[in-house]
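>>> Dropping the sequence and predicted coords here.
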Amino acid sequence: MSEHTGQRSGEPIDPGFAPGDYTDGRKPGDWRSRYEGEALAAIRWEAAYLTIVFVLTIGGMFLVWWGYPQRRLGLTDQRGIIFARHCLAGLSGILGGVLFAMKWLYHSVAKQIWNLDRRWWRYFTPVISGGLAFAMILVIKSFGGFDPNLVSTDGRTTAVGFLIGLFSDNALAKLAEVAQTLFGPTHRRNERSGSDR
């Protein structure tokens, strides 16, 4: 075990999430991937999947901004505005989620903690983030406690949706608070303490 690092010799050094030293514990000239075969192919597939979702999401946002789907659907101006705002909420949430998943993919690969079991997390994060952003925009518009000006324009709705998607864990916690305010806690305190005995 090394005196300075507290690690056994031969173990990879964990550089941290945003390290000051970008060597990942490698010696100069050590350029080959530490992953081989099936793992390397799976990592490449995940990277391709996230890139495709990213490109399609940006493309979808531009189409909505240009009004293409609104015209194809024959929506009135008023309905077109509502349609665009909700589409942008969901798409910007997907964008935030896919960027978050991309960041975790390259960090987990660099830190040698990538594994197949996390693959589903990276696949579903953009989808969950998009759905959550869409739902959260509805909550902001519908209930007190939120400033409706947050989503009063396409730009603001897109920005809020992106932040909700990027920080979806925090958004879920806030939605849980809203649900408890509206519906009350799921257990009464004395019932919970009695059942734990």
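Received the coordinates, thanks.
>>> and the closest residue to Leu88 other than its chain neighbours, how many neighbours?
Spatial nearest neighbour of Leu88, chain neighbours left out: Thr158 (4.7 Å); criterion: C-beta to C-beta, 6 or more residues apart in numbering. For the C-beta atoms, the positions are set from N, CA and C on the backbone; glycine is no exception. Neighbour count of Thr158, defined by other C-beta atoms under 10 Å: 24.
>>> what's the distance between Thr158 and Phe124?
Distance of Thr158 to Phe124, given as C-beta to C-beta, to the nearest Å: 22 Å.
>>> Figure out how far the helix or strand in which Trp104 is found is from the centre of its chain.
Element membership of Trp104 [criterion: DSSP states H and E] is helix 77-110. Relative to the chain's own centre, helix 77-110 is displaced by 8 Å; criterion: C-alpha atoms, centre = their mean, to the nearest Å.
>>> same for it, what does it pack against?
On a contact count with 3 or more C-beta pairs under 8 Å, 6 or more residues apart in numbering; DSSP states H and E, helix 77-110 meets helix 37-66, helix 68-72, helix 119-142, helix 154-166, helix 168-183.
>>> Can you tell me which of those is most buried?
helix 154-166 (a mean of 21; mean count of other C-beta atoms under 10 Å).
>>> tally of neighbours for the nearest residue to Leu50 once chain neighbours are set aside?
Excluding its sequence neighbours, the residue lying closest to Leu50 (C-beta to C-beta, 6+ apart) is Met102, at 5.1 Å. Using other C-beta under 10 Å, Met102 has 19 neighbouring residues.
>>> show me the residues around Met102 that make contact.
47, 50, 54 (C-beta atoms under 8 Å, 6 or more residues apart in numbering).
>>> which stretches of the chain aren't confidently modelled?
Low-confidence segments of the chain, defined by pLDDT under 70: 1-24, 30-31, 144-145, 187-197.
>>> Mind doing that once more with 80?
Scanning the chain for pLDDT under 80 picks out the ranges 1-34, 143-148, 169, 171-175, 178-179, 181-182, 185-197.
>>> nearest spatial neighbour of the residue nearest to the spatial centre of the chain, skipping sequence neighbours?
Per C-alpha atoms, centre = their mean, the C-alpha nearest to the average position across the chain is that of Gly97, at 2.4 Å. Residue nearest to Gly97 in three dimensions, not counting chain neighbours: Ser129, with 2.6 Å by C-beta to C-beta, 6+ apart.
>>> My guess is that neighbour contacts Ser92. True?
No: shown here, Ser129 and Ser92 do not form a contact pair, counting by C-beta atoms under 8 Å, at 9.3 Å.
>>> got any residues that touch both of the two?
Gly165.
>>> Would you agree the residue nearest to Leu88 is in contact with Met61?
Yes: using C-beta under 8 Å, Thr158 is in contact with Met61, at 7.4 Å.
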